[in-house]
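pasting the sequence and the predicted model now:
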Amino acid sequence: MSTHISVPPQLLLERILTLEIVRVTERAAVSAARLRGHGQEKAADQAAVDAMRRELNKLPIEGTVVIGEGERDEAPMLFIGEKVGLNAGPQVDIAVDPLEGTTLCAKNMPGAIATMAMADGGTLLHAPDVYMEKIAIGPGYAKNVIELDASPADNIQRLAKAKGVPASAITALVLDRPRHADIIASIRSTGAAVRLITDGDVAGVIHTTNPDETGVDIYMGTGGAPEGVLAAAALRCIGGQMQCRLILDSEEKRERAHKMGITDPKMIYGIEDMARGDCLFAATGVTTGSLLTGVKFKKDTIETETVVMRSVTGTVRYIKAEHRQLEKFHLD
């Protein structure tokens, strides 16, 4: 005879954190990792999406995807507005990037991850899949050290002053895109260094939280709004400062944003504007990078590394898992 144990609602996200949320990103990472180096970006992304969706639908939640692989007409799975879970349990918002760094995975380059965030229903920013201006630093500074509308050079000088070092001791992380040429030039004009990345700005923002290990002090530039919300969820758990603004540079984009409840297209969002309440964040390495070790396929096991964070407790767990029931992963 089985005994039903009820879990108080306030503890249910903790239960999901410790027992189940890791499985979601683990499965997505393993599925994508099977296609590392095959040059098949879409296939790897689809494999991660399929695996993540299957695992989400096993969770005891009433989940709504608010940040997904696209909007309903563009994505067959994990689209914005899709309902996931067993339709039993707490109502939660879900943000996903089943494979951040599709190019990194396709080329077997460092830094691809499978990532997601979960929060109380109605507490994650419902943002369209558009570009977003971003600036972020880690914890330990007074409020408003950085400002989105200040010049990159000014933000470097302000951060250097707050940190008590010369500007030449600061390293800024920027996506390697032609649109960032002016930002890069402005940063370098101060004597600060620039580290360029080809993809992966969720991990890039997280790098700012531990500059002693990563060598990254500040993140700047434009990237996807979905990645911005995911990064904000991570910073909500571990601290830091972030300011973002959606780039709604066409009537069609403004209309899409308006339908999602965004009434001020020029609003600057802070972390708590994008992720409020009890928030969870998880990421599993697909390819080995400075944040996480990638999936390792061995003769009788599969090894994964996942970081899991929770805002209410400020807990950060690194979970190294050894999966022995390989047939389950192969069935996926």
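Here it is on my side, so go on. Numbering: from 1, shown residues only.

going forward, measure contacts between C-alpha atoms and count neighbours the same way
Will do.

now the helices for the stretch 101-250 of the chain?
Ranges of helices within the stretch 101-250 of the chain are 102-106, 152-163, 181-188, 201-207, 211-214, 225-238, based on DSSP state H, counting those that start in this stretch.

what distance separates the third one from the middle of the whole chain?
Relative to the chain's own centre, helix 181-188 is displaced by 25 Å; criterion: CA atoms, centre = their mean, to the nearest Å.

from here on, call the first residue 18.
OK, 18 is where the count begins now, so the last one is helix 198-205.

restrict that helix to CA atoms and write it as CSV.
Provided in CSV are the C-alpha atoms of helix 198-205 (Å, rounded to 0.1, in the frame of the first residue of the first chain):
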residue,chain,number,x,y,z
ALA,A,198,32.2,47.1,-33.2
ASP,A,199,31.4,50.5,-31.5
ILE,A,200,31.0,48.9,-28.1
ILE,A,201,34.3,47.1,-28.4
ALA,A,202,36.1,50.2,-29.5
SER,A,203,34.6,52.2,-26.6
ILE,A,204,35.6,49.6,-24.1
ARG,A,205,39.2,49.4,-25.4
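
so who does Ala179 touch?
Neighbouring residues of Ala179 by CA atoms under 8 Å, 6 or more residues apart in numbering: 158-159, 162.

tell me, how many neighbours does the residue lying closest to Ala123 once chain neighbours are set aside end up with?
Nearest residue to Ala123, sequence neighbours excluded (CA to CA, 6 or more residues apart in numbering): Gly56, at 4.3 Å. Neighbour count of Gly56, defined by other CA atoms under 10 Å: 16.

for the stretch 218-349 of the chain, give me the ranges with low pLDDT.
342-349 (pLDDT under 70).

my bad, should have said the stretch 68-217 of the chain
88-93.

how about 90 then?
Applying pLDDT under 90 to the stretch 68-217 of the chain flags residues 77, 85-97, 105-107, 144-146, 217.

circling back: out of the contacts of Ala179, which one sits closest to Thr226?
Sorting the contacts of Ala179 by distance to Thr226 puts Tyr158 at the head of the list, at 11.1 Å, by CA to CA.

that concludes my questions; thank you for your assistance.
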